[in-house]
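Trainee: got a predicted model here, sequence first, then my questions.
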Amino acid sequence: MYKSILRPLLFHIDAEEIHDKIVKVLQFYRHLAPVRMIVRSTCHADTAGWKWRNMTFRNRVGLSAGFDKAASCFDELGDWGFGFMEVGTVTPDEVKGNPSPRIFRLPKDQTLISRTGFNNPGKKVFLENLRRKQSGKYILGININTNHPDNAEQAITDILDLYRSFKDYADYYTINWGSIATEILSQVLMALLKCKQESNKPIFLKFPADLPLEKADDVIGFAVKHHIDGFIACGPSQDRSLLTNSTQAEITKVGVGGISGMPVMQKSLKVVKYLSEHAPKDMLIIGAGGVMTSSDAQAMLKSGAHLVQIYSAFIYEGPFVVKRIAKACN
């Protein structure tokens, strides 16, 4: 029903506009307790759960950062069966992002193209929204960044501030590799180490899809040096050669932006496999980027991922895909 009726209707509306409408619907749904009970009972898979260190995941399926950038509906999204969710990216000060339109669909390739530019409401609003977290219901990750990626002193101040401000709500933090200059990120992580030891909240690096595998050892070495706890692989790709089903006219019309969804899957699998074989065994590996179906998720686990994250699948396959994938990963 979703793919045959609802999705075609939704896809006639601008991607960001319909996303904003869905967020508002979820915020209204927040107050419908009987409906929420029905959704939870229908969408939650009966799984054994999975434990890593002091965190117990209800199942192995998470929602990637980028869907709930303002932490405005994560609790409601949790009703749809996710074992963990990642909100953000958030920065201390509000970021308006790039001009709209800035999110596009290419349905023939089951992909999203995004050039949002880290738009988010900033720490104050984000923190107010985080206070709705229900303890024990799900694992919550927060993707954090700085408003000053090229200024070491400011970047350190920004990241330390976010880490400390969210420590009562975050189960883990993520930083996107490449979003902060490497030498500055090194200084940030060295400054962050003391806070991390006090609160014991792990930090993951989100691995970029387009980084050549021959450079992966450098990232792994960096991660080990700075006591990083795991990787999320991968982020979006800029590689337009991955778009094999859309016409050149369709691709040109969309313009620049990061590719997520089905075309990224093979890149993500290769990175996950490499990380599984070369990173320390106690590092958590989350397979992301291109996981659209249950078989995709199983391929991620077979390649060495411990957990998977989805985003585009939630849009292209519908909300019940979470339960299907969770069952397949049990």
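Mentor: Looks like it arrived, so ask away.
Trainee: contacting residues for residue 156?
Mentor: Neighbour list for residue 156: 187-188, 191-192 [criterion: Cβ atoms under 8 Å, 6 or more residues apart in numbering]. C-betas here are computed from N, CA, C, even on glycine.
Trainee: if you rank those residues by neighbours, which is first?
Mentor: Ranked by neighbour count (other Cβ atoms under 10 Å), these have residue 188 at the top, with 23 neighbours.
Trainee: need the three-state assignment for that one.
Mentor: helix (DSSP: H, G, I helix; E, B strand; the rest coil).
Trainee: which member of the contacts of residue 156 is positioned nearest residue 110?
Mentor: Distance to residue 110 across these (Cβ to Cβ) is lowest for residue 188, with 35.5 Å.
Trainee: just the pLDDT for that closest one.
Mentor: pLDDT recorded at residue 188 is 97.
Trainee: repeat for residue 216
Mentor: 96.
Trainee: what's the spacing between the residue nearest to it when sequence neighbours are not counted and residue 306?
Mentor: Distances taken as Cβ to Cβ, 6 or more residues apart in numbering place residue 274 nearest to residue 216, at 5.4 Å, with adjacent residues excluded. Computed as Cβ to Cβ, to the nearest Å, the residue 274 to residue 306 distance reads 15 Å.
Trainee: with residue 87 instead?
Mentor: Taken as Cβ to Cβ, the span from residue 87 to residue 306 is 20 Å.
Trainee: does residue 240 really touch residue 251, like I thought?
Mentor: Yes. At 6.1 Å, residue 240 and residue 251 qualify as touching, with contact defined as Cβ atoms under 8 Å.
Trainee: re the thing from before, more neighbours: which of residue 87 and residue 306?
Mentor: Counted by other Cβ under 10 Å, residue 87 and residue 306 do not tie: residue 87 has more neighbours, with 30 against 19.
Trainee: returning to that earlier point: rebuild the contacts of residue 156 as CSV, extending it with distance to residue 220.
Mentor: Shown next, in CSV, are the contacts of residue 156 (distance: Cβ to Cβ, whole Å):
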residue, distance to residue 220
187, 19
188, 18
191, 22
192, 19
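Trainee: report the two of the residues you listed separated the most.
Mentor: Using Cβ to Cβ, the two most remote members of the contacts of residue 156 are 187 and 192, lying 9.5 Å apart.
Trainee: pull the CA atoms of stretch 307-324 into CSV?
Mentor: Extracted in CSV, the C-alpha atoms of stretch 307-324 (Å, rounded to 0.1, in the frame of the first residue of the first chain):
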residue,chain,number,x,y,z
LEU,A,307,24.6,-2.8,13.5
VAL,A,308,23.0,-1.1,10.5
GLN,A,309,21.5,2.4,10.0
ILE,A,310,18.9,3.3,7.4
TYR,A,311,17.5,6.6,6.1
SER,A,312,16.5,6.4,2.4
ALA,A,313,14.9,3.0,3.0
PHE,A,314,12.5,4.6,5.4
ILE,A,315,11.4,6.9,2.6
TYR,A,316,11.5,4.5,-0.3
GLU,A,317,10.2,1.4,1.4
GLY,A,318,8.0,2.9,4.1
PRO,A,319,8.0,2.8,7.9
PHE,A,320,7.3,-1.0,8.1
VAL,A,321,10.8,-1.7,6.6
VAL,A,322,12.2,-1.2,10.1
LYS,A,323,10.5,-4.3,11.5
ARG,A,324,11.4,-6.4,8.4
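Trainee: ok, the residue nearest to residue 236 when sequence neighbours are not counted - contacts?
Mentor: In space, and not counting its chain neighbours, residue 236 is closest to residue 258: 2.9 Å by Cβ to Cβ, 6+ apart. Applying Cβ under 8 Å, 6+ apart to residue 258 gives the contacts 113-115, 235-238.
Trainee: now flag whichever of those is closest to residue 245.
Mentor: residue 113 (13.7 Å).
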